[in-house]
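Undergrad: following is a predicted model, sequence given first.
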Amino acid sequence: MIIAVDFDGTIVEHRYPDIGREMPFAIDTLKMLQKEGHRLILWSVREGKLLEEAVEFCRKRGLEFYAVNSNYTEEQDTHESFSRKLKADIFIDDRNLGGLPDWGNIYRIIHYRIKFADMMTETLQEKLGTIEYRHETKQQKKKSLLGKLFR
């Protein structure tokens, strides 16, 4: 799969334009995904010198990207079919709906090809089921003799 990964707030803590501390297990997880054959694209708002610093930060830790802010290394914005939209299968970003899962869960989702929508549905059903059960139990306890008679 092609995986686009944000830098600030995802690989490192959000300290833009500075580079924050590495998020626990981010680089190691990305390197494991690469070993499994996934192509990684660094996808960042950073440009110029700031982008070079981010790429170098990762390179020093043994993480090289298939492409940076493009679909492939040779892509030019002057190409006839150029699009700023990346053609990635997965996007890992701290601005995801629900925030950034921890890197262990990110790895499991990708490695086992778990659909995020399925995970969210199961989680919501579990949480809402528990909340609805608690709510019903509280309502039953609150009802007085008169409340029970005049439903």
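TA: Yes, it's here.

Undergrad: can you count the residues close to Gly9?
TA: For Gly9, the neighbour count with other CB atoms under 10 Å is 17. (C-beta placed from N, C-alpha, C; glycine too.)

Undergrad: touching, it and Asn96? I think so.
TA: No - the criterion here is CB atoms under 8 Å, and Gly9 misses it with Asn96 at 10.4 Å.

Undergrad: hey, what's in contact with both of these two?
TA: Residues touching both Gly9 and Asn96 by CB atoms under 8 Å, 6 or more residues apart in numbering: none at all.

Undergrad: can you give me the strands for this structure?
TA: For the chain, the strands defined by DSSP state E cover 2-5, 39-42, 67-68, 90-92.

Undergrad: of these, which is nearest Leu51?
TA: strand 67-68 (6.8 Å; CB to CB).

Undergrad: so what strands line up beside that closest one?
TA: strand 39-42 (parallel) (DSSP bridges).
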